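Colleague: below are the sequence and a predicted model for it; my questions follow.
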Amino acid sequence: MIVVSDTAIAAVKEAMAQAGQHEGGLRILVKEGGCAGYQYVVDLDKEQRSDDIVVEAGGIRFFIDPASRPRLEGMTLGYKQDLAGAGFTFENPNATSTCGCQKSFN
């Protein structure tokens, strides 16, 4: 389904610890919008939904809704931190183009 880098796993663990969240994981979804047509949305979620696809990596669960699955198939979720800021990165073989922010794709 998706591949999750060690840096992304560490970032989610840190975010969950800071939020005091001991259950759940990270929800990844795709919705219409952004400057290239679709945008990634990631957020901590305390509960798995009944129709979620669940990917486990490094002791963390990643929740993906069925509608987002085709657009995320084969994606690598990363995380980078540099002078410009920090955030998740998306290497998505399904994206035909991306915008400059790398958070929106078509």
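Modeller: Thanks, I have the structure now.
Colleague: count of neighbours near residue 30?
Modeller: 23 (other Cβ atoms under 10 Å). For glycine as for every other residue, the C-beta is placed from the backbone atoms N, C-alpha and C.
Colleague: could you do residue 11 as well?
Modeller: With other Cβ under 10 Å as criterion, residue 11 counts 22.
Colleague: element containing it?
Modeller: According to DSSP states H and E, residue 11 maps onto helix 6-19.
Colleague: residues contacting that helix, please?
Modeller: For helix 6-19, the external contacting residues (Cβ atoms under 8 Å, 6 or more residues apart in numbering) are 22, 24-26, 44, 57-60, 77-80, 86, 88.
Colleague: what do you get if the cut-off is 7 Å, keeping everything else the same?
Modeller: 26, 44, 57, 58, 60, 77, 78, 79, 88 (Cβ atoms under 7 Å, 6 or more residues apart in numbering).
Colleague: can you check stretch 87-106 too?
Modeller: 8, 34-40, 42, 71, 73-80.
Colleague: again, only this time at 10 Å
Modeller: By Cβ atoms under 10 Å, 6 or more residues apart in numbering, the residues outside stretch 87-106 that reach it are 2-5, 7-8, 11-12, 26, 28, 30, 33-42, 70-81.
Colleague: restricted to strands, list these.
Modeller: The members of those that map onto strands under DSSP state E are 3-4, 26, 28, 30, 38-42, 76-81.
Colleague: state the distance from residue 15 to residue 96.
Modeller: Plainly put, residue 15 is 30 Å away from residue 96 if you go by Cβ to Cβ, to the nearest Å.
Colleague: no further questions, thank you.
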